[in-house]
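# predicted model follows, preceded by the sequence.
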Amino acid sequence: MDAPELLLPVLPFPSPLLEGAGAGILTLEVPRRLTGEVLGGLAPLVLPADRRLYCVDGANCFDPYAFSVQARRRGLEAGEVLDRVFLTRAFTIHQLEAVATSMVRPLALARPRPMVAFLGIDHLFLEETLPLAERRRCLADVLAVVRELRTAGMRVLVTHDPATPGRDWWKRAVEGVGDARATVRPPELPARTSRRKGDRPRGHGHTERPPGQTARARAGALTSQEELPLFG
């Protein structure tokens, strides 16, 4: 079954993903620059008392500003939500492996169960100065921890960039760990219209925009807010 495609904002996240009694892993293909906005969809789920989100960032893609914007768009106090988000970054595959095994694995014993997100999990494994066998071993260790979290009854989000042909050895392993997968893509912007030499846009070179509407708000108007059930 093909992975569903989601347009930004894809939020609120489908509630079966991170709410309810069951456990599960979602693998999400999302361009790195959009990861912060996607994570903003978790904001309403972080707000309940004692609910926490632990992020392991392997691609330096967590954007607290984008996360805050998405939280405020949903009528939430951004500071209160961010206080429940815990972030650690890894800069090598061995750091990522150590974080997963020594810091994330113990979260399986936490109560109430937190949410865990591995962000840009593919990024560090593209470093070709390291032997492929070593990269495969480290990735297998990280994904083993992801499976352990699911066994412990937790919900886990794993994001990765679109794969580059010829450098996608990791994709089958990452997507294989998921109970469901989806693809996030940005909305298509209207095609530019060509104009003849000498033509000038209205406003003598100034771009018109609706009163009181920011560029970010205009971009949001181009997106779909349909909720897609990823877990049936």
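Yep, that arrived. Numbering: from 1, shown residues only.
# would you list every one of the strands in this protein?
Shown for the chain, the strands assigned by DSSP state E span residues 5-7, 24-29, 53-57, 85-89, 115-119, 155-160, 180-185.
# I'd like these as CSV, with mean neighbour count appended.
Using the backbone N, CA and C atoms, a C-beta is placed for each residue, glycine as well. As requested, the strands of the chain are arranged in CSV below (neighbours: other Cβ atoms under 10 Å):
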stretch, mean neighbour count
strand 5-7, 18
strand 24-29, 22
strand 53-57, 22
strand 85-89, 16
strand 115-119, 26
strand 155-160, 26
strand 180-185, 18
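# turn those strands into CSV, columns for distance to residue 44 and mean pLDDT.
Supplementary listing: the strands of the chain in CSV, determined by distance: least, Cβ to Cβ, whole Å; pLDDT from 0 to 100:
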stretch, distance to residue 44, mean pLDDT
strand 5-7, 17, 40
strand 24-29, 16, 88
strand 53-57, 11, 93
strand 85-89, 13, 92
strand 115-119, 12, 93
strand 155-160, 14, 91
strand 180-185, 18, 80
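# roughly how far does residue 183 sit from residue 169?
Distance of residue 183 to residue 169, computed by Cβ to Cβ, to the nearest Å: 19 Å.
# output the below-cut-off pLDDT ranges for this structure.
Low-confidence segments of the chain, defined by pLDDT under 70: 1-22, 47, 49-50, 186-232.
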